[in-house]
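Chemist: have a look; sequence and predicted model below, questions after that.
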Amino acid sequence: MQEQIYHLQYAMDTFYFLICGVLVMWMAAGFSMLEAGLVRAKNTTEILTKNVALYSIACIMYLVCGYAFMYGGEFFLSGIGGVDVDATLTSFAEREDGFTGGAVYSSASDFFFQVVFVATAMSIVSGAVAERMKLWAFLAFAVVMTGFIYPVHGSWTWGAEGMFGVNLDDQFGFSDFAGSGIVHMAGAAAALAGVLLLGARKGKYSKDGKVNAIPGANMPLATLGTLVLWMGWFGFNGGSVLKLGDISNANAVAVVFLNTNAAAAAGAVAALALSVILFRKADLTMALNGALAGLVAITAEPSTPSALQATLFGAIGGVIVVASIIGLDKLKIDDPVGAISVHGVVGLFGLLIVPLSKEGATFTGQLIGAAAIFAWVFIASLVVWYVLKLTIGIRVSEEAEYEGVDASECGIEAYPEFVASVK
């Protein structure tokens with residue numbers, strides 16, 4: 001009888017883990033739609049191609065070497081497969097309470113859940129370098145980012161033994177529940193390195209210092225993308241509980257879902273309200289980024305805050321992202337979708353508020369962890385981007401940028417009938 005209960009709990013936990021992974025995978029659709037909506041029509045096909053290709057590259061590179069780098073072991077599919085039933089039953093039986101110990105699941109389900117996080121980090125880079133980067137330079141960077149850069153700092157936090165002898169959890173008490181820093185700030189750091197070498201889009205900044213708005217082509221798509229991301233985030237944060245099959249963890253999952261939703265809602269409202277104060281208009285793009293900022297802010301620790309705290313954290317994240325987008329424009333750092341602000345600046349904020357609700361977490365530990373992750377990803381990415389710039393080049397020609405990268409990079413226009421009618 002006890003063995004049957006263990007089998008059932010294992011099946012339930014594994015199924016929950018996999019479904020949460022599917023929700024996170026669906027965030028690839030969210031990023032695709034969000035970015036397609038916020039770029040100009042002439043660059044839509046290329047941004048969609050990047051998102052499909054980067055997800056595929058992430059899956060291959062993490063399978064070939066990334067998972068081994070992050071968790072140790074041999075390369076190429078080693079250790080990813082079935083489960084030893086006897087060993088699994090023993091691990092259940094050895095728990096003092098029999099049910100509420102650490103998660104038990106197959107390495108295959110763990111790989112699937114981890115690889116969609118890797119792809120999410122790379123998706124953040126896509127929007128920041130949109131409309132002027134060469135497609136193949138971007139995909140070459142994706143190979144290194146997903147196969148090596150991300151797994152290295154991932155091993156420092158979620159791996160058993162960190163590469164280069166670094167373990168941020170054990171050595172400094174660093175805490176990042178679902179990846180405000182490990183995934184989101186890391187993706188933003190890689191994006192920032194690329195943007196600094198790439199430069200701004202033509203016409204974005206005038207010589208007199210004026211910032212010229214370059215509106216996106218499709219606000220319905222951008223809104224759909226945000227809502228898809230919002231939905232996928234329940235898998236992102238909820239799945240990070242790692243299991244569901246007992247009372248304690250089921251309650252933890254419910255709290256994570258509640259806080260995740262509350263933070264997103266508060267971020268959207270706060271950003272929208274601030275846009276009305278600053279611009280005298282209800283700026284939809286700020287509201288969308290505000291919702292995402294709320295989600296990023298709560299991701300570092302969604303399980304311990306009260307619902308009120310989660311709401312306040314999300315609202316502050318929404319305010320921060322508006323200020324950051326405006327500030328980066330003043331610094332002439334061109335980010336078409338606001339990815340660096342949403343995932344980087346607010347990701348750091350999310351890490352720093354963890355000690356406000358989680359016992360044992362310290363601001364010092366959080367700062368050290370954030371600095372280590374940012375420094376590693378930014379410097380490593382800067383090197384890779386620079387090598388690509390010197391070899392194959394990373395920026396399209398002025399003519400290609402003017403005509404749109406859909407034509408030069410993909411040869412397919414996203415809205416051919418519309419373009420034909422305009423001509």
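Modeler: It's in.

Chemist: what strand or helix carries I214?
Modeler: Remark: I214 resides in no helix or strand, with elements defined by DSSP states H and E.

Chemist: burial check on it, number of neighbours?
Modeler: 15 (other CB atoms under 10 Å). No exception for glycine: its C-beta is placed from N, CA and C like everyone else's.

Chemist: and the closest residue in space to it that isn't next to it in sequence, how many neighbours?
Modeler: Among residues not flanking I214 along the chain, K204 sits closest, at 6.1 Å (CB to CB, 6 or more residues apart in numbering). K204 is flanked by 18 other residues according to other CB under 10 Å.

Chemist: what's near enough to touch K204?
Modeler: Contacts of K204 were listed using CB atoms under 8 Å, 6 or more residues apart in numbering, and they are 211-212, 214, 332, 334.

Chemist: check L382 too.
Modeler: 193, 196-197.

Chemist: now the buried members of those.
Modeler: 193, 197 (16 or more other CB atoms under 10 Å).

Chemist: ok, G404 touching I47?
Modeler: No - using CB atoms under 8 Å, G404 makes no contact with I47, being 10.9 Å away.

Chemist: so between these two, which is more surrounded?
Modeler: For the pair G404 and I47, the greater number of neighbours falls to I47 (28 against 23), based on other CB under 10 Å.

Chemist: spatially nearest residue to the more buried one, not counting backbone neighbours?
Modeler: E35 (4.9 Å).

Chemist: show the contacting residues for that neighbour.
Modeler: Counting by CB under 8 Å, 6+ apart, E35 has contacts 47, 51, 126-127, 130, 225, 336-337.

Chemist: is it in a helix, a strand, or coil?
Modeler: helix (DSSP: H, G, I helix; E, B strand; the rest coil).

Chemist: re the thing from before, JSON lines for the contacts of K204, including secondary structure?
Modeler: Output for these, formatted as JSON lines (three-state DSSP):
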{"residue": "V211", "secondary structure": "strand"}
{"residue": "N212", "secondary structure": "coil"}
{"residue": "I214", "secondary structure": "coil"}
{"residue": "K332", "secondary structure": "coil"}
{"residue": "D334", "secondary structure": "coil"}
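
Chemist: check those residues and tell me the two furthest apart.
Modeler: The distance between the two most remote of those (CB to CB) is 13.6 Å, for I214 and K332.

Chemist: could you check how far the residue nearest to I47 is from S123?
Modeler: Separation of E35 from S123 (CB to CB, to the nearest Å): 8 Å.

Chemist: any low-confidence regions in the stretch 1-150 of the chain?
Modeler: 73-106 (pLDDT under 70).

Chemist: common neighbours of E35 and S123, please.
Modeler: N51.

Chemist: which of the contacts of K204 has the most neighbours?
Modeler: D334 (22 neighbours).

Chemist: quick check: that residue touching V195?
Modeler: Yes - shown here, D334 and V195 form a contact pair, counting by CB under 8 Å, at 6.6 Å.

Chemist: closest one to V255 out of the contacts of L382, please.
Modeler: A193 (36.0 Å).

Chemist: my read: A339 touches G127, true?
Modeler: Yes - using CB under 8 Å, A339 is in contact with G127, at 4.5 Å.

Chemist: can you report how many residues lie near the closest residue to S397 other than its chain neighbours?
Modeler: Nearest non-adjacent residue to S397, counting by CB to CB, 6+ apart: S408, 7.6 Å away. For S408, the count of nearby residues is 16 (other CB under 10 Å).

Chemist: quick check: S408 is in a helix.
Modeler: Yes - the assignment for S408 is a helix, going by three-state DSSP.

Chemist: and it, what is it in contact with?
Modeler: S408 neighbours (CB under 8 Å, 6+ apart): 396-397, 400.

Chemist: which ChimeraX command selects the buried ones in these?
Modeler: Per 16+ other CB under 10 Å, the buried members of those correspond to this ChimeraX selection:
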select :396,400
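
Chemist: okay if I get the contacts of S408 as a markdown table plus distance to Q114, secondary structure and pLDDT?
Modeler: Compiled in a markdown table, the contacts of S408 are given as follows (distance: CB to CB, whole Å; DSSP: H, G, I helix; E, B strand; the rest coil; pLDDT from 0 to 100):
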| residue | distance to Q114 | secondary structure | pLDDT |
| --- | --- | --- | --- |
| V396 | 33 | coil | 96 |
| S397 | 38 | coil | 96 |
| A400 | 36 | helix | 95 |
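
Chemist: just the C-alphas of stretch 278-293, formatted as CSV.
Modeler: Backbone C-alpha positions of stretch 278-293 (Å, rounded to 0.1, in the frame of the first residue of the first chain) are rendered in CSV as follows:
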residue,chain,number,x,y,z
LEU,A,278,4.3,61.8,-16.8
PHE,A,279,2.8,61.9,-20.3
ARG,A,280,-0.8,62.9,-19.7
LYS,A,281,-1.8,59.7,-21.7
ALA,A,282,-2.4,56.1,-20.7
ASP,A,283,0.6,54.5,-22.4
LEU,A,284,-0.2,50.8,-23.2
THR,A,285,3.4,49.8,-23.7
MET,A,286,4.2,51.1,-20.2
ALA,A,287,1.3,49.1,-18.7
LEU,A,288,2.5,46.0,-20.5
ASN,A,289,6.1,46.4,-19.3
GLY,A,290,4.7,47.2,-15.9
ALA,A,291,2.9,43.8,-15.7
LEU,A,292,6.1,42.1,-16.8
ALA,A,293,8.1,44.1,-14.2
